[in-house]
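Undergrad: Need coordinates for the following:
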Amino acid sequence: MEYITGILTKVMVDYFEDDYKRIEHAIDVLMHSELIAESCQDELEYDDEILIASALLHDVGIKQSEKELGHNNGLTQEKYGPPIAKELLEGCGFPKEKIDEVCKIIGNHHSKSRFESAELELLKAADQIVNKMEA
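TA: Reported below is the predicted structural model:
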């Protein structure tokens, strides 16, 4: 998993360029996602690669939203994020059969859960923790 984490971290950092706040946020969300997952691993089945990709790329829609609309919020992140994430994941050789699931998670991470996904629930919990810490 270190290999995929390294590749996706680089992809995310390259995408956000010098937006260090977003970079740090994504890394913190990944760390908390993994900690929560580890503590629940006996009760929860999840895919490590999907969790890592979802955590690191969950906010990629912010950049496009701010460029096009001049602002961002949860809904605009969910709208703009999936196509960007798909392009980034395809470009780095992420397993094709997992890309749609990652995009679905990114497109729902601020809304009431529209589908069952352990990775989505882990991401939401971690993102909530990190957002509270940053406030």
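Undergrad: Every contact and neighbour count from this point should use C-alpha atoms.
TA: Noted.
Undergrad: so how many other residues sit close to Gln77?
TA: With neighbours defined by other C-alpha atoms under 10 Å, the count for Gln77 comes to 24.
Undergrad: so how far is Leu35 from the closest residue to it other than its chain neighbours?
TA: With C-alpha to C-alpha, 6 or more residues apart in numbering as the criterion, Gln77 has its nearest non-adjacent residue at 4.4 Å, and that residue is Gly61. In this view, Gly61 and Leu35 are 25 Å apart by C-alpha to C-alpha, to the nearest Å.
Undergrad: now the closest residue to His32 other than its chain neighbours: how far from Ala37?
TA: Distance criterion C-alpha to C-alpha, 6+ apart; nearest residue to His32, sequence neighbours excluded, is Ala126 at 5.1 Å. Taking C-alpha to C-alpha as the measure, Ala126 and Ala37 are separated by 10 Å.
Undergrad: Tell me where the protein is predicted with low confidence.
TA: Using pLDDT under 70 as the threshold, the predicted model of the chain has low-confidence ranges 1.
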